[in-house]
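A.B. asks: What follows is a predicted protein model with its sequence.
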Amino acid sequence: MTQTDRVQAWEIDERRWAQWMALAHQGDEAAYRRLLEALGEAIENYIRVRFGPIRNIEDCVQESLLAVHKARHTYDPQRPFRPWLFTLVRHRTIDVLRQAKNEAANVALDMAALETEDPATLHRRLDGVKILETLAPDHREAIALTQYGGYTAAEAASWLGISETALKARLRRGLNAIGKVLEAEGVPI
Amino acid sequence: MNKRDELISELAADLKPVTGAPRPASLAMLSLIIGTAVTLALLLSLGELRPGLQQQVSSSPRFLLESIIGAAAVGTLFFSGLQLAVPAMHNLIKQVTIPLTLLSVWIGFYVYGLFDPALAPSMAGKREHCWLETLLVAMPPLVIAFYICSRLYPLRGRWSGFLLGLGAGAIPALVMQFTCMYQAQHILTHHLLPGLTVGLVGVAAGSVFLRPK
């Protein structure tokens, strides 16, 4: 998928979701069902990027869908859909994670990968997870989207509902934080 | 059918039409009007307007400006408190800057008034328990604002509670400007301080009552 395709898909989703929610406001059950199905997938992707690999991701997705349902009356069809949606998702996910208490137990490494990868790759992955965990959520999100997800700064900024300047600032701070961690561990940068 | 699909089916079956998106500005205006009307009714039932008020309003532009800034502070406090209860990528600092700046400017007028008052200090209209009246009379506007806020989806209950509490406390403090004695120190300690205390009540109440249901 090229960058142009991704931008177009992003815009199509935005318009479609807003349209479906507007129809749901009028009581259109079919449109609402289509919206929730589409959002389930988008929310799951968002949580993976924003919070990393967590074990109870399905709980977070379902709680977020429930929050969307309860807060649907606060969505204004004249305003962008994503900032409204992802604010709800972020708050609900944080609540679920807090309730889970033992956050350390929530970090689920990909066990299949652990078994198949060579030791050097495995150590790089483990280090990557460990370093990303030390970052503030905003910084981790910016890095995950641009460095791992392959999004441009403009796309990532739109996706998060922030300005490109703010995204770049988060990215810079996140990368600086990673640099400091690596420096402290004596890894040449 | 997995659990997510089951949930989606249940939520879709539970769908009810929604009438219009919430407008925080309109809701803030509604809170302000109802809160002020209730406050005025209560305070006027406990005492009268300060004698000579009309002449004071017309003769001192600074007194009028103080009152306008106070009203603007109340309006923006309510607006920001309610705005935070509508999910969006709010920048908290931006949300609270304008209302808290206006509130500070309003308080600043009276601090400046300690040295150069807008009106000649006078005991005319003094109420015996104005600080207590301010505290108690702030409760109905607080309850009204909380009720309106709770019907949205407050994700930052403490902050919404804090801003709505300050707004609700500022209403009787502002009305006291017309119904109690005018003297800067008295206004600061007997009207504004109790009014601002309601902000703390708002924080505590917000953490309990302003939660997403």
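C.D. replies: The structure has been received and is ready for your questions.

A.B. asks: The spatially most central residue of chain A: helix or strand, and which one exactly?
C.D. replies: In chain A, the C-alpha nearest the mean C-alpha coordinate belongs to A:Tyr46, at 2.6 Å (Cα atoms, centre = their mean). Taking DSSP states H and E as the definition, one finds A:Tyr46 inside helix A:29-51.

A.B. asks: Sketch out the low-pLDDT regions of chain A for me.
C.D. replies: Residue ranges of chain A with pLDDT under 70: A:1, A:3, A:101-130, A:148-150, A:185-189.

A.B. asks: what about 90?
C.D. replies: A:1-14, A:45-59, A:77-80, A:83, A:90-189 (pLDDT under 90).

A.B. asks: Tell me the residues of it that contact chain B?
C.D. replies: Counting by Cβ under 8 Å from any Cβ of the partner chain, chain A comes close to chain B at A:24-27, A:29, A:32-33, A:36-37, A:40, A:58, A:61-62, A:65-67, A:69-79, A:83-84, A:86-88, A:91, A:160-162. Backbone N, C-alpha and C define where each C-beta goes, glycine included.

A.B. asks: which of those count as buried?
C.D. replies: A:24-25, A:32-33, A:36, A:40, A:61-62, A:65-67, A:69, A:71-76, A:83-84, A:86-88, A:91, A:160-162 (16 or more other Cβ atoms under 10 Å in any protein chain shown).

A.B. asks: picking that back up, what packs against the helix holding A:Tyr46?
C.D. replies: Counting contacts by 3 or more Cβ pairs under 8 Å, 6 or more residues apart in numbering or on different chains; DSSP states H and E, helix A:29-51 packs against helix A:3-25, helix A:57-71, helix A:81-100, helix A:137-143, helix B:3-13.

A.B. asks: Let me have the ones you listed in a markdown table, extended by distance to B:Leu82.
C.D. replies: A markdown table is the format used below for the helices and strands packed on helix A:29-51 (distance: least, Cβ to Cβ, whole Å):
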| stretch | distance to B:Leu82 |
| --- | --- |
| helix A:3-25 | 20 |
| helix A:57-71 | 14 |
| helix A:81-100 | 15 |
| helix A:137-143 | 25 |
| helix B:3-13 | 26 |
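
A.B. asks: just so I know, which of the ones you listed lies nearest B:Gly165?
C.D. replies: Across the helices and strands packed on helix A:29-51, B:Gly165 has its closest neighbour in helix A:81-100 (21.6 Å, Cβ to Cβ).

A.B. asks: Can you name every helix or strand that that closest one contacts?
C.D. replies: Checking 3+ Cβ pairs under 8 Å, 6+ apart, helix A:81-100 ends up next to helix A:3-25, helix A:29-51, helix A:57-71, helix A:153-160.

A.B. asks: after the last one comes which helix or strand?
C.D. replies: In this case it means helix A:153-160. In N-to-C order, the element after helix A:153-160 by DSSP H and E is helix A:164-184.

A.B. asks: got the buried residues for that following helix?
C.D. replies: Neighbour counts over helix A:164-184 (16+ other Cβ under 10 Å) mark A:166-167, A:170-171, A:173-175, A:177-178, A:181 as buried.
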